[in-house]
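J.: Just to be clear, the model below is a prediction. Sequence and coordinates:
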Amino acid sequence: MKDSHRISVRFDLSDPNQRKVYEALHEIDRQEHGSMSAFAIKAIGEYLDRLSGRGRFDFSLDDLRDMFREEIQELDLVPRETAPAFTPPAEMTDEERQENDRNVLETLDMFT
C-alpha cells in the first residue's frame, strides 16, 4: 500500500481570496519553506491545530500574565529623574468622570 496520496487543488483566479493564495504559493521562498506542497501541508496543519485549540497561540490569561511578569522583571522601570506626581483634581465633573471611566475600561480591555 502507498504511503503517500495525491490531491489536486484548483484556484478560481476570479475570486480575490483564491487569487491571493495562488499568488502567495508561487512566491514562497523555496530555500526557506521547501516545496509548495511542504508549505501548504505545514500551513494547513497549523491552521487545524489552532482550530482544535492546540496551536501555539492557545494560552490562557494566566499564561499571558506570567509571560508579561517575566518580561518586565528585566526592565528598568524607575525613572532617572523624579518628576512631580500628577495630582488629579479633587472633584471631577460628570463629563470628566465619564471620560475617565471610559479610559479605564479601554485599558482593561487590552488584558481580556
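T.: Thanks, I have the structure now.

J.: Would you mind writing the CA trace of the helix or strand of the chain with the lowest mean pLDDT as CSV?
T.: Evaluated with mean pLDDT, DSSP states H and E, the helix-and-strand set of the chain has its lowest mean pLDDT in helix 61-72, which scores a mean of 78. The C-alpha trace of helix 61-72 is given here as CSV (Å, rounded to 0.1, in the frame of the first residue of the first chain):
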residue,chain,number,x,y,z
LEU,A,61,-5.0,34.8,30.6
ASP,A,62,-2.8,33.5,33.4
ASP,A,63,-0.2,32.4,30.9
LEU,A,64,-0.2,35.8,29.4
ARG,A,65,0.2,37.4,32.8
ASP,A,66,3.1,35.1,33.6
MET,A,67,4.8,36.0,30.3
PHE,A,68,4.3,39.7,31.0
ARG,A,69,5.7,39.4,34.5
GLU,A,70,8.8,37.6,33.2
GLU,A,71,9.4,40.2,30.6
ILE,A,72,9.1,43.2,32.8
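
J.: Now the element after it, going C-ward?
T.: Toward the C-terminal end, the helix or strand that comes next after helix 61-72 (DSSP states H and E) is helix 94-109.

J.: pLDDT at the closest residue to residue 100 other than its chain neighbours, what is it?
T.: If the residues on either side of it in the chain are set aside, residue 100 comes closest to residue 92, at 6.7 Å by C-beta to C-beta, 6 or more residues apart in numbering. Bear in mind the C-beta positions are built from the backbone N, C-alpha and C, glycine included. The confidence metric pLDDT takes the value 79 at residue 92.

J.: same thing with residue 80?
T.: In this model, residue 80 is scored at 67, pLDDT.
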